[in-house]
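> Please find the sequence and the predicted model below.
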Amino acid sequence: METIKIRDDFIKLGQAMKLAGLVDSGVDAKMEIQEGFVKVNGEQELRRGRKIYPGDVIEFDGQQVRVEN
């Protein structure tokens, strides 16, 4: 499982996906999230602006990324 580090208390889901290299752009993130292809902590997430906190795990396209600070 990969990890990404954030400096703030949280990061928005779309931004976290870009930071982790799961998508190339915010538009790509928006489309993948709206299509229901992204999970946060094992549950489908449809909100691009969902706040992701340290300890959360993002799943997309067979990859898992844990957020740390």
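Yep, that arrived. Numbers count the residues shown, from 1 in each chain.
> Let me see the contact set for residue 38.
13, 17, 32, 44-45, 58-60 (C-beta atoms under 8 Å, 6 or more residues apart in numbering). Bear in mind the C-beta positions are built from the backbone N, C-alpha and C, glycine included.
> Please list the members of those residues that lie in strands.
Per DSSP state E, strands hold the following members of the contacts of residue 38: 44, 58-60.
> Distance from the chain centre to the longest strand along the chain, please.
Looking across the chain with DSSP E, the single longest strand is strand 63-68. Using C-alpha atoms, centre = their mean, to the nearest Å, the distance from the centre of strand 63-68 to the centre of the chain it belongs to is 8 Å.
> Out of the contacts of residue 38, which comes closest to residue 3?
Sorting those by distance to residue 3 puts residue 58 at the head of the list, at 10.7 Å, by C-beta to C-beta.
> Tell me how many other residues crowd the closest residue to that closest one other than its chain neighbours.
Spatially, and ignoring its direct neighbours in sequence, residue 58 is nearest to residue 65 (4.8 Å; C-beta to C-beta, 6 or more residues apart in numbering). Here the number of neighbours of residue 65 (other C-beta atoms under 10 Å) works out to 20.
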